[in-house]
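Q: Sequence first, then the predicted structure, then my questions.
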Amino acid sequence: MSGPAAASGGASVPVEPLSPEAVRQALTALPGWSGDERALRRTFRFATFADAIAYLHACVPGIDALNHHPEWTNVYDRVSVVLRTHDAGDRVTTADLALARHLEAMAVRSTQR
């Protein structure tokens with residue numbers, strides 16, 4: 001994953017990993033997500049395979065705008081997500097929290113079960 005986009009138009013900025021306590025605190029505002037300072041995780045379930053794929057496609061513009069990309073997999077009606085920042089030593093950063101909020105908002109708009 002690349003670093004978060006800078007206000008100047010997409011250049012990477014240095015990223016610092018969050019403390020274990022900061023990650024625990026952030027997870028309280030992300031229902032359905034789990035993890036620790038090494039990664040955030042969530043599996044979304046949809047009504048059909050087509051709905052899961054539509055969700056993936058719908059997320060792309062926001063992901064590109066954040067300039068931070070998830071590790072995700074699709075198996076039939078499920079999309080499993082792992083978020084961590086490689087530029088921060090494969091640890092969770094504020095960029096991962098922003099991406100988790102985006103993915104969550106997109107799932108709420110979809111036909112998630």
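A: Looks like it came in fine.
Q: Show me where this structure has its helices.
A: Per DSSP state H, the chain carries helices over the ranges 20-27, 49-66, 94-109.
Q: now these as CSV including distance to Thr43 and mean neighbour count?
A: Every residue, glycine included, has its C-beta placed from N, CA and C. Below are the helices of the chain laid out as CSV (distance: least, CB to CB, whole Å; neighbours: other CB atoms under 10 Å):
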stretch, distance to Thr43, mean neighbour count
helix 20-27, 15, 15
helix 49-66, 11, 15
helix 94-109, 11, 19
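Q: Show me where this structure dips below the pLDDT cut-off.
A: 1-14, 111-113 (pLDDT under 70).
Q: Redo the helices of the chain as JSON lines? Include distance to His86.
A: Listed next are the helices of the chain as JSON lines, based on distance: least, CB to CB, whole Å:
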{"stretch": "helix 20-27", "distance to His86": "17"}
{"stretch": "helix 49-66", "distance to His86": "15"}
{"stretch": "helix 94-109", "distance to His86": "11"}
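Q: Ok, which of the ones you listed comes nearest Val82?
A: helix 94-109 (9.6 Å; CB to CB).
Q: Helix 20-27 and the closest one, what's the angle between them?
A: Taking axes from the mean of the first three to the mean of the last three CA atoms, to 10 degrees, one finds that helix 94-109 is oriented at 20 degrees with respect to helix 20-27.
Q: list the helices and strands helix 94-109 packs on?
A: strand 39-45, helix 49-66, strand 78-83 (3 or more CB pairs under 8 Å, 6 or more residues apart in numbering; DSSP states H and E).
Q: re the thing from before, quick one, which of the helices of the chain gets closest to Arg42.
A: helix 94-109 (7.2 Å).
Q: and that closest one, how far from the chain's centre?
A: Taking CA atoms, centre = their mean, to the nearest Å, the mean C-alpha location of helix 94-109 is offset from the chain mean by 6 Å.
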